[in-house]
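Enquirer: Structure for this input, please:
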Amino acid sequence: MIEHIPPDFKVRGFLAAGISAGIKKNLEKDLALLYSEVPAAAAGAFTTNRVKAAPVLISRERVKAGSTRAVLINSGSANACTGRRGLLEARRLSKLIASLLKVDPQSVLLASTGVIGRPLPMAAIAKNLPDLVASLSANGLEEAARAIITTETFPKATVTRGRVNGQEITIAGIAKGAGMINPKMATLLSFVLTDASISPKALQESLKDGVQKSFNRITVDGDTSPNDTLLILANGQAGNREIASDSPGYRKFSALLHELVFTLAKMIVRDGEGATKLVEIAVGGARTTSEAERVARAIAYSPLVKTAFFGEDANWGRILCAVGNSGIPINSEKIDVFFDDCDIVRRGQSTGQEKEDRATSVMKKREYTVHVNLHRGKKSSSIFTTDFSYDYVKINASYRS
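Expert: Residues are numbered from 1 along each chain as shown. Presented below is the predicted three-dimensional model:
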């Protein structure tokens with residue numbers, strides 16, 4: 001699959017770079033740096049997995065200050081489950097890059113992705129840090145996007161622009177994630193840069209709300225990584241009046257940000273490991289939104305449902321079984337199921353072979369929606385998921401070799 005980097009993919013006041021530092025065996029790009037030329041407001045969201053990688057522990061604390069200058073990211077090694085050594089090496093890296101950038105080490109955030117339990121190749125990374133800094137460019141976001149990926153088939157990148165408080169602002173984002181996707185906060189790694197002027201408090205509030213509407217609505221395999229990190233930096237170079245919470249400017253900024261992270265989230269599911277389908281599970285007719293989400297997740301996580309998606313088998317019985325396994329006290333004789341606009345189930349029973357044939361045709365598409373109506377209330381929710389293919393098994397059966 002080929003995805004194009006958007007044109008004019010840069011943000012005022014930010015430089016970026018991505019190089020090969022020898023972390024990956026294939027010598028592809030594996031080290032990235034994002035740098036703000038002035039202090040930037042910062043906010044973040046991190047994994048809810050109780051096993052947390054060293055860079056998550058460090059960045060989670062540093063981002064609380066609300067201001068930062070740089071983010072150093074590596075792929076190829078997760079620096080997770082590496083104990084005290086992992087923490088010491090991560091802190092050392094932040095000091096080394098801070099010295100080269102002439103900034104405070106506490107203003108450097110960190111993120112890693114790759115094999116769990118594998119220590120960082122410190123000598124190789126340290127040796128290449130001067131080249132990384134020398135490679136910083138206003139047009140370097142594309143290289144940074146390429147340096148953070150692992151099993152993906154394309155880098156995830158998007159940009160949006162709009163007028164807020166009288167000035168045009170830019171928001172750009174990059175992300176990585178293909179497997180171990182069940183974020184419950186963000187995705188494996190995602191970084192958003194904006195030249196908007198916004199208070200750290202408003203930035204964190206907008207980010208938190210956007211995560212719930214995007215990254216927390218995707219799954220590939222139901223696993224949550226110890227490295228999940230989403231960071232946003234805002235350097236104020238657009239010159240707009242500072243955005244405060246609950247203002248018209250905040251609402252406009254949030255709309256732009258939420259659109260951007262939703263786009264990134266869908267890119268991640270579309271490029272899930274071995275995925276051939278992107279399927280939205282839309283559940284309606286629930287008594288509460290959380291009830292609808294619980295049912296949608298039960299369907300989206302089901303290996304039997306996901307393998308049926310891959311086989312293009314309109315096996316609606318698996319969907320009803322997943323609904324029943326959600327724990328919601330549903331009445332199976334009231335459930336309707338649609339594949340796009342094809343009603344394959346009405347009141348818990350098949351609508352006939354002709355409809356099943358139509359549903360099978362829908363399943364041959366790259367993207368489609370499974371609608372489930374519980375007929376219990378008026379609330380709804382949706383989750384984006386993938387199929388399970390042969391390639392997913394192959395990729396993860398030999399991930400370390």
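Enquirer: switch to C-alpha atoms for all contacts and neighbour counts from now on
Expert: OK.
Enquirer: any idea how far the strand or helix carrying residue 84 is from the chain center?
Expert: According to DSSP states H and E, residue 84 maps onto helix 83-101. Here the centre of helix 83-101 is set off from its chain's centre by 25 Å, with CA atoms, centre = their mean, to the nearest Å.
Enquirer: May I have stretch 304-315 as PDB, with CA atoms only?
Expert: Extracted in PDB, the C-alpha atoms of stretch 304-315 (Å, rounded to 0.1, in the frame of the first residue of the first chain):
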ATOM      1  CA  LEU A 304     -13.800 -15.600  14.900                       C
ATOM      2  CA  VAL A 305     -15.500 -12.400  13.500                       C
ATOM      3  CA  LYS A 306     -12.100 -11.100  12.300                       C
ATOM      4  CA  THR A 307     -11.200 -14.300  10.500                       C
ATOM      5  CA  ALA A 308     -14.600 -14.200   8.800                       C
ATOM      6  CA  PHE A 309     -13.900 -10.700   7.600                       C
ATOM      7  CA  PHE A 310     -10.700 -12.000   6.100                       C
ATOM      8  CA  GLY A 311     -12.500 -14.900   4.500                       C
ATOM      9  CA  GLU A 312     -15.300 -12.700   3.200                       C
ATOM     10  CA  ASP A 313     -17.700 -15.000   4.900                       C
ATOM     11  CA  ALA A 314     -21.000 -13.300   5.900                       C
ATOM     12  CA  ASN A 315     -21.200 -15.500   9.000                       C
END
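Enquirer: Please state the mean pLDDT value computed over that stretch.
Expert: On average, the pLDDT along stretch 304-315 is 93.
Enquirer: what sits up against it?
Expert: Outside of stretch 304-315, the residues within contact range by CA atoms under 8 Å, 6 or more residues apart in numbering are 276-277, 299-300, 318-319, 322, 356, 359-360, 363-364, 386-389.
Enquirer: that older thread, buried sites along the helix holding residue 84?
Expert: Residues of helix 83-101 classed as buried: 86, 87, 89, 90, 91, 93, 94, 95, 96, 97, 98, 101 (neighbour count, 16 or more other CA atoms under 10 Å).
Enquirer: Mind giving me the packing neighbours of it?
Expert: helix 54-62, strand 108-115, helix 122-134 (3 or more CA pairs under 8 Å, 6 or more residues apart in numbering; DSSP states H and E).
Enquirer: Could you single out the most deeply buried of these?
Expert: Ranked by mean neighbour count, these are led by strand 108-115 with a mean of 25 (mean count of other CA atoms under 10 Å).
Enquirer: Just list what that strand packs against, helices and strands only.
Expert: Contacts defined by 3+ CA pairs under 8 Å, 6+ apart place strand 108-115 against helix 54-62, strand 67-77, helix 83-101, strand 189-194.
Enquirer: re the thing from before, taking strand 108-115 as reference, get the angle to the helix holding residue 84.
Expert: Angle of helix 83-101 versus strand 108-115, following axes from the mean of the first three to the mean of the last three CA atoms, to 10 degrees, is 130 degrees.
Enquirer: Report the angle between helix 83-101 and strand 67-77.
Expert: Using the same axes, to 10 degrees: helix 83-101 against strand 67-77 is 130 degrees.
Enquirer: if I look at residue 252, how far off is residue 344?
Expert: 40 Å (CA to CA, to the nearest Å).
Enquirer: remind me which residues of the stretch 51-200 of the chain are low pLDDT?
Expert: Applying pLDDT under 70 to the stretch 51-200 of the chain flags the ranges 178-187.
Enquirer: per-residue confidence for residue 366?
Expert: Reported pLDDT for residue 366: 93.
Enquirer: dump the residue contacts of it.
Expert: Contacts of residue 366 (CA under 8 Å, 6+ apart): 276, 277, 278.
Enquirer: Apply 10 Å and report the result again.
Expert: 270, 275, 276, 277, 278, 279 (CA atoms under 10 Å, 6 or more residues apart in numbering).
Enquirer: Among the residues you listed, which ones are in helices?
Expert: Here DSSP state H is the test, and these give residue 270 as lying in helices.
Enquirer: quick one: least confident of the contacts of residue 366?
Expert: Per-residue pLDDT puts residue 275 lowest of the contacts of residue 366, at 76.
Enquirer: If any of the contacts of stretch 304-315 are buried, put those into a PyMOL selection.
Expert: PyMOL command restricting the contacts of stretch 304-315 to the buried ones, with burial defined by 16+ other CA under 10 Å:
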select buried, resi 276+277+299+300+318+319+322+356+359+360+363+364+386+387+388+389
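Enquirer: closest to residue 283 among the contacts of stretch 304-315?
Expert: residue 299 (9.7 Å; CA to CA).
Enquirer: and that closest one, what does it touch?
Expert: By CA under 10 Å, 6+ apart, the neighbours of residue 299 are 281-283, 293, 305-306, 318-326, 370, 372, 383, 385.
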